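Novice: sequence unknown, structure follows:
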């Protein structure tokens, strides 16, 4: 039996282990890899409505290597904004797509797989991208 998560809070882990112990008589071994991810960077930049697209483009140009397996996620507040940002970045020559909860499961899988394999370099996403 293998249960994996990157986001469960301690009380959720406790609930899951108790479920397996009480209902199925299975004792789970816990392995915690920690939350430190040295391969990821995160930055917040001040911007304004009129220059937001240019600021996104500048950040990507400054930090995303032109080739390789690196990628970027631009988090957006709304579904419509993810679509707008992805279209803008495509127009600038980037392999980009949008991701939000309104996509069907097949489309979500396709975007995630393209990003994982580096054929898609940038995703404009709502926080749905980080949810299981």
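Specialist: Now that the structure is in, tell me what you want to look at. Everything numeric in this text was worked out from a predicted model, so none of it was measured.
Novice: What segments of this protein are strands?
Specialist: Listed in chain order, the strands of the chain (DSSP state E) span 72-75, 96-99, 122-125.
Novice: now those strands in CSV, with distance to residue 87?
Specialist: C-beta here means a position set from N, CA and C on the backbone, and glycine is covered the same way. Putting those into CSV (distance: least, C-beta to C-beta, whole Å) gives the following:
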stretch, distance to residue 87
strand 72-75, 12
strand 96-99, 8
strand 122-125, 9
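Novice: Export those strands as TSV, with columns for distance to residue 23, mean pLDDT and mean neighbour count.
Specialist: Below are these laid out as TSV (distance: least, C-beta to C-beta, whole Å; pLDDT from 0 to 100; neighbours: other C-beta atoms under 10 Å):
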stretch	distance to residue 23	mean pLDDT	mean neighbour count
strand 72-75	37	92	17
strand 96-99	35	96	24
strand 122-125	36	96	24
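Novice: burial count for the nearest residue to residue 119 once chain neighbours are set aside?
Specialist: Computed as C-beta to C-beta, 6 or more residues apart in numbering, the closest residue to residue 119 that is not its neighbour in sequence is residue 95, at 6.6 Å. The number of residues packed near residue 95 is 15, by other C-beta atoms under 10 Å.
Novice: who's in contact with residue 95?
Specialist: 114, 119, 120, 121, 122 (C-beta atoms under 8 Å, 6 or more residues apart in numbering).
Novice: same question, residue 99
Specialist: By C-beta under 8 Å, 6+ apart, the contact list for residue 99 reads 82, 108, 111, 112, 123, 124, 125, 126, 128, 129.
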